[in-house]
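S.K.: Fold the following, please.
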Amino acid sequence: LSNLGLVSLSQGNYPAALRYFEQSLAIHRELGDRAGISVALGNLGMVYEDQSDLTAAQQTYLESLQIAHEIGDRRTECSRLNSLGSVALSLNDLKTALSYFEDALALARQVNDPMLSTRILMNMGWGSLLQQDFPASRRYSEESLALAEELGDRESVVSCLTNLGHAAWPEGDWMTAGRHYRRSIAEAREIGALPRLLEAVAGLAGCYWASQQSERAAELLGLAQNHPATNSDVTQAANFVMPYLQKSLPEDRLQAALTRGHLLDLDTVIDSLLQE
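M.R.: Numbering: from 1, shown residues only. Next up is the predicted model:
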(Lines give C-alpha, C1' and ligand atoms only; values in the text may rest on other atoms or scores of the structure.)
Protein backbone atom coordinates (compact mmCIF):
# COMPACT_ATOMS: atom_id res chain seq x y z
CA LEU A 1 0.00 0.00 0.00
CA SER A 2 2.79 2.40 0.86
CA ASN A 3 4.51 1.79 -2.48
CA LEU A 4 1.23 2.31 -4.36
CA GLY A 5 0.76 5.54 -2.46
CA LEU A 6 4.25 6.75 -3.30
CA VAL A 7 3.72 6.03 -6.99
CA SER A 8 0.40 7.89 -6.91
CA LEU A 9 2.04 10.83 -5.13
CA SER A 10 4.84 11.00 -7.71
CA GLN A 11 2.23 11.06 -10.48
CA GLY A 12 0.25 13.81 -8.79
CA ASN A 13 -2.74 11.57 -8.04
CA TYR A 14 -3.32 12.95 -4.55
CA PRO A 15 -6.71 11.32 -3.76
CA ALA A 16 -5.29 7.87 -4.52
CA ALA A 17 -2.10 8.56 -2.53
CA LEU A 18 -4.14 9.72 0.46
CA ARG A 19 -6.34 6.63 0.29
CA TYR A 20 -3.39 4.21 0.15
CA PHE A 21 -1.51 5.93 2.98
CA GLU A 22 -4.59 6.06 5.23
CA GLN A 23 -5.17 2.34 4.67
CA SER A 24 -1.52 1.64 5.44
CA LEU A 25 -1.70 3.68 8.64
CA ALA A 26 -4.82 1.85 9.78
CA ILE A 27 -3.13 -1.54 9.26
CA HIS A 28 0.00 -0.54 11.17
CA ARG A 29 -2.10 0.86 14.03
CA GLU A 30 -4.06 -2.38 14.23
CA LEU A 31 -0.81 -4.36 14.35
CA GLY A 32 0.73 -2.04 16.93
CA ASP A 33 3.70 -1.52 14.59
CA ARG A 34 5.13 1.79 15.76
CA ALA A 35 7.82 1.93 13.10
CA GLY A 36 5.19 1.37 10.43
CA ILE A 37 2.95 4.00 12.02
CA SER A 38 5.76 6.55 11.93
CA VAL A 39 6.49 5.87 8.25
CA ALA A 40 2.79 5.97 7.31
CA LEU A 41 2.32 9.29 9.11
CA GLY A 42 5.27 10.72 7.24
CA ASN A 43 3.77 9.60 3.95
CA LEU A 44 0.46 11.23 4.83
CA GLY A 45 2.32 14.41 5.69
CA MET A 46 3.77 14.52 2.19
CA VAL A 47 0.27 14.48 0.68
CA TYR A 48 -0.87 17.27 3.00
CA GLU A 49 2.24 19.30 2.22
CA ASP A 50 1.88 18.92 -1.55
CA GLN A 51 -1.74 20.06 -1.22
CA SER A 52 -0.60 23.11 0.83
CA ASP A 53 -2.34 21.94 4.01
CA LEU A 54 0.71 22.98 6.00
CA THR A 55 -0.87 22.77 9.46
CA ALA A 56 -1.90 19.14 8.91
CA ALA A 57 1.49 18.35 7.36
CA GLN A 58 3.40 19.86 10.28
CA GLN A 59 1.30 18.08 12.91
CA THR A 60 1.62 14.75 11.12
CA TYR A 61 5.38 15.10 10.67
CA LEU A 62 5.82 16.00 14.35
CA GLU A 63 3.84 12.93 15.45
CA SER A 64 5.96 10.75 13.15
CA LEU A 65 9.18 12.38 14.44
CA GLN A 66 8.25 11.74 18.06
CA ILE A 67 7.59 8.04 17.43
CA ALA A 68 10.78 7.63 15.40
CA HIS A 69 12.81 9.28 18.17
CA GLU A 70 11.22 7.11 20.87
CA ILE A 71 11.93 3.83 19.04
CA GLY A 72 15.42 4.86 17.89
CA ASP A 73 14.61 4.87 14.17
CA ARG A 74 17.22 7.42 13.22
CA ARG A 75 16.67 7.31 9.47
CA THR A 76 12.98 8.09 9.82
CA GLU A 77 13.85 10.74 12.41
CA CYS A 78 16.23 12.32 9.91
CA SER A 79 13.62 12.22 7.16
CA ARG A 80 11.04 13.93 9.35
CA LEU A 81 13.44 16.70 10.34
CA ASN A 82 13.94 17.31 6.63
CA SER A 83 10.18 17.31 6.05
CA LEU A 84 9.60 19.79 8.87
CA GLY A 85 12.25 22.03 7.35
CA SER A 86 10.39 21.90 4.05
CA VAL A 87 7.15 22.95 5.76
CA ALA A 88 8.99 25.78 7.51
CA LEU A 89 10.21 26.99 4.12
CA SER A 90 6.64 27.06 2.85
CA LEU A 91 5.68 29.08 5.93
CA ASN A 92 8.54 31.49 5.12
CA ASP A 93 10.26 30.67 8.42
CA LEU A 94 13.70 30.39 6.90
CA LYS A 95 15.62 30.37 10.20
CA THR A 96 13.62 27.41 11.53
CA ALA A 97 13.91 25.63 8.20
CA LEU A 98 17.70 25.95 8.17
CA SER A 99 17.90 24.61 11.73
CA TYR A 100 15.86 21.55 10.79
CA PHE A 101 17.96 20.96 7.66
CA GLU A 102 21.25 21.27 9.53
CA ASP A 103 20.10 18.76 12.17
CA ALA A 104 18.80 16.42 9.47
CA LEU A 105 22.00 16.59 7.42
CA ALA A 106 24.18 15.87 10.45
CA LEU A 107 22.03 12.84 11.29
CA ALA A 108 21.99 11.61 7.67
CA ARG A 109 25.78 11.68 7.63
CA GLN A 110 25.95 9.88 10.99
CA VAL A 111 23.81 7.02 9.69
CA ASN A 112 25.62 7.11 6.33
CA ASP A 113 22.51 7.58 4.21
CA PRO A 114 23.50 9.36 0.99
CA MET A 115 19.94 9.37 -0.37
CA LEU A 116 18.69 11.33 2.62
CA SER A 117 21.70 13.64 2.34
CA THR A 118 20.77 14.22 -1.30
CA ARG A 119 17.25 15.32 -0.47
CA ILE A 120 18.29 17.49 2.46
CA LEU A 121 20.91 19.30 0.38
CA MET A 122 18.27 19.76 -2.32
CA ASN A 123 15.98 21.46 0.19
CA MET A 124 18.84 23.60 1.46
CA GLY A 125 19.33 24.71 -2.14
CA TRP A 126 15.69 25.76 -2.32
CA GLY A 127 15.94 27.55 1.03
CA SER A 128 18.98 29.48 -0.17
CA LEU A 129 17.06 30.41 -3.30
CA LEU A 130 14.22 31.85 -1.20
CA GLN A 131 16.84 33.90 0.64
CA GLN A 132 18.11 35.06 -2.77
CA ASP A 133 21.51 33.57 -1.99
CA PHE A 134 21.97 32.21 -5.52
CA PRO A 135 25.61 31.06 -5.18
CA ALA A 136 24.70 29.00 -2.09
CA SER A 137 21.66 27.60 -3.87
CA ARG A 138 23.84 26.50 -6.80
CA ARG A 139 26.40 24.97 -4.45
CA TYR A 140 23.86 22.91 -2.52
CA SER A 141 22.01 21.91 -5.70
CA GLU A 142 25.18 20.86 -7.52
CA GLU A 143 26.30 18.74 -4.54
CA SER A 144 22.85 17.18 -4.33
CA LEU A 145 22.75 16.56 -8.09
CA ALA A 146 26.10 14.75 -8.03
CA LEU A 147 24.85 12.47 -5.24
CA ALA A 148 21.50 11.86 -6.95
CA GLU A 149 23.17 10.92 -10.24
CA GLU A 150 25.57 8.59 -8.45
CA LEU A 151 22.64 6.90 -6.66
CA GLY A 152 20.41 6.75 -9.72
CA ASP A 153 17.76 8.75 -7.84
CA ARG A 154 16.07 10.18 -10.92
CA GLU A 155 13.33 12.11 -9.14
CA SER A 156 15.95 13.95 -7.07
CA VAL A 157 17.95 14.58 -10.26
CA VAL A 158 14.85 16.28 -11.69
CA SER A 159 14.41 18.47 -8.60
CA CYS A 160 18.09 19.43 -8.47
CA LEU A 161 18.09 20.44 -12.13
CA THR A 162 15.01 22.57 -11.56
CA ASN A 163 16.63 24.22 -8.52
CA LEU A 164 19.70 25.00 -10.63
CA GLY A 165 17.43 26.61 -13.20
CA HIS A 166 15.72 28.63 -10.49
CA ALA A 167 19.12 29.84 -9.25
CA ALA A 168 20.42 30.78 -12.71
CA TRP A 169 17.70 32.90 -14.27
CA PRO A 170 17.32 35.62 -11.58
CA GLU A 171 21.00 36.40 -12.20
CA GLY A 172 20.36 36.79 -15.91
CA ASP A 173 21.87 33.48 -17.03
CA TRP A 174 18.83 32.55 -19.13
CA MET A 175 20.66 30.08 -21.37
CA THR A 176 21.87 28.01 -18.44
CA ALA A 177 18.50 28.20 -16.72
CA GLY A 178 16.69 27.06 -19.86
CA ARG A 179 19.11 24.17 -20.33
CA HIS A 180 18.54 22.96 -16.75
CA TYR A 181 14.76 23.30 -17.01
CA ARG A 182 14.55 21.42 -20.32
CA ARG A 183 16.71 18.58 -19.03
CA SER A 184 14.53 18.45 -15.91
CA ILE A 185 11.36 18.34 -18.03
CA ALA A 186 12.73 15.52 -20.19
CA GLU A 187 13.77 13.46 -17.14
CA ALA A 188 10.49 14.10 -15.33
CA ARG A 189 8.49 13.04 -18.36
CA GLU A 190 10.45 9.78 -18.65
CA ILE A 191 9.75 8.78 -15.04
CA GLY A 192 6.18 10.10 -14.96
CA ALA A 193 6.88 12.71 -12.26
CA LEU A 194 4.18 15.19 -13.28
CA PRO A 195 4.42 17.64 -10.35
CA ARG A 196 8.19 17.91 -10.88
CA LEU A 197 7.67 18.43 -14.60
CA LEU A 198 5.14 21.20 -13.97
CA GLU A 199 7.53 22.97 -11.60
CA ALA A 200 10.19 23.02 -14.30
CA VAL A 201 7.63 24.33 -16.83
CA ALA A 202 6.76 27.15 -14.42
CA GLY A 203 10.45 27.96 -14.07
CA LEU A 204 10.99 27.88 -17.82
CA ALA A 205 8.25 30.50 -18.12
CA GLY A 206 10.71 32.92 -16.53
CA CYS A 207 13.16 32.32 -19.38
CA TYR A 208 10.47 33.16 -21.92
CA TRP A 209 9.74 36.37 -20.03
CA ALA A 210 13.45 37.19 -20.14
CA SER A 211 13.48 36.68 -23.91
CA GLN A 212 10.59 39.15 -24.23
CA GLN A 213 7.97 36.46 -24.85
CA SER A 214 5.76 37.43 -21.93
CA GLU A 215 2.51 36.07 -23.34
CA ARG A 216 4.13 32.68 -24.01
CA ALA A 217 5.48 32.75 -20.46
CA ALA A 218 1.99 33.47 -19.09
CA GLU A 219 0.55 30.60 -21.12
CA LEU A 220 3.08 28.21 -19.57
CA LEU A 221 2.19 29.45 -16.09
CA GLY A 222 -1.52 29.03 -16.85
CA LEU A 223 -0.87 25.44 -17.87
CA ALA A 224 1.34 24.62 -14.88
CA GLN A 225 -0.84 26.28 -12.25
CA ASN A 226 -4.11 24.70 -13.34
CA HIS A 227 -3.03 21.12 -14.03
CA PRO A 228 -4.56 18.52 -11.64
CA ALA A 229 -1.05 17.40 -10.60
CA THR A 230 0.00 20.89 -9.48
CA ASN A 231 1.37 21.05 -5.94
CA SER A 232 2.83 23.63 -3.59
CA ASP A 233 6.25 23.53 -5.30
CA VAL A 234 4.66 24.41 -8.65
CA THR A 235 2.78 27.26 -6.99
CA GLN A 236 5.98 28.61 -5.43
CA ALA A 237 7.81 28.48 -8.77
CA ALA A 238 4.91 30.23 -10.50
CA ASN A 239 4.77 32.89 -7.78
CA PHE A 240 8.45 33.57 -8.39
CA VAL A 241 7.79 34.41 -12.07
CA MET A 242 4.37 36.07 -11.87
CA PRO A 243 5.51 39.52 -10.62
CA TYR A 244 7.71 39.94 -13.70
CA LEU A 245 4.77 39.18 -15.98
CA GLN A 246 2.52 41.57 -14.07
CA LYS A 247 5.01 44.35 -14.76
CA SER A 248 5.38 43.55 -18.45
CA LEU A 249 1.78 42.81 -19.49
CA PRO A 250 -1.47 44.76 -19.03
CA GLU A 251 -3.87 42.88 -16.76
CA ASP A 252 -6.30 41.97 -19.54
CA ARG A 253 -3.57 40.48 -21.74
CA LEU A 254 -2.03 38.63 -18.80
CA GLN A 255 -5.35 37.05 -17.82
CA ALA A 256 -6.11 36.13 -21.43
CA ALA A 257 -2.74 34.40 -21.78
CA LEU A 258 -3.17 32.54 -18.47
CA THR A 259 -6.57 31.34 -19.65
CA ARG A 260 -5.16 30.16 -22.99
CA GLY A 261 -2.50 28.25 -21.09
CA HIS A 262 -5.12 26.53 -18.96
CA LEU A 263 -6.60 25.07 -22.16
CA LEU A 264 -3.34 23.78 -23.64
CA ASP A 265 -2.50 20.08 -23.92
CA LEU A 266 0.49 19.28 -21.71
CA ASP A 267 2.06 16.63 -23.96
CA THR A 268 1.87 18.89 -27.00
CA VAL A 269 3.48 21.75 -25.08
CA ILE A 270 6.27 19.51 -23.76
CA ASP A 271 7.02 18.21 -27.25
CA SER A 272 7.37 21.81 -28.42
CA LEU A 273 9.52 22.90 -25.47
CA LEU A 274 11.96 20.03 -25.90
CA GLN A 275 12.37 20.72 -29.62
CA GLU A 276 13.24 24.39 -29.18
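S.K.: Number of residues surrounding the residue lying closest to S214 once chain neighbours are set aside?
M.R.: What sits nearest to S214 in space, not counting adjacent residues and going by CB to CB, 6 or more residues apart in numbering, is S248, at 4.6 Å. Glycine gets a C-beta too; all of them are placed from N, C-alpha and C. Neighbour count of S248, defined by other CB atoms under 10 Å: 15.
S.K.: and S248, how far is that from L145?
M.R.: Summarising the geometry, the distance separating S248 from L145, computed by CB to CB, to the nearest Å, is 31 Å.
S.K.: S214 too?
M.R.: Shown here: S214 relative to L145, a distance of 30 Å by CB to CB.
S.K.: Tell me which of those two has more neighbours.
M.R.: Under the neighbour definition other CB under 10 Å, S214 and L145 were set side by side, and L145 has more, 24 against 21.
S.K.: buried sites along the helix or strand encompassing that one?
M.R.: Take DSSP states H and E as the rule and L145 turns out to sit in helix 134-151. For helix 134-151, burial by neighbour count (16 or more other CB atoms under 10 Å) applies to 134, 136-145, 147-148.
S.K.: can you give me phi and psi for the residue nearest to S214?
M.R.: For S248, the backbone dihedrals (degrees, to the nearest 10) come out as phi -100, psi -10.
S.K.: again, but for the one 4 residues further on
M.R.: Phi and psi for D252, reported as degrees, to the nearest 10, are phi -70, psi -40.
S.K.: any idea how far R260 is from it?
M.R.: Going from D252 to R260 by CB to CB gives 13 Å.
S.K.: now swap in E70 and tell me
M.R.: From E70 over to R260 the distance is 53 Å, taken as CB to CB.
S.K.: what about these two, which has more around it?
M.R.: In terms of neighbours (other CB under 10 Å), R260 is the more surrounded of E70 and R260; the figures are 15 against 11.
S.K.: Low-confidence ranges, the chain, go.
M.R.: 1-3 (pLDDT under 70).
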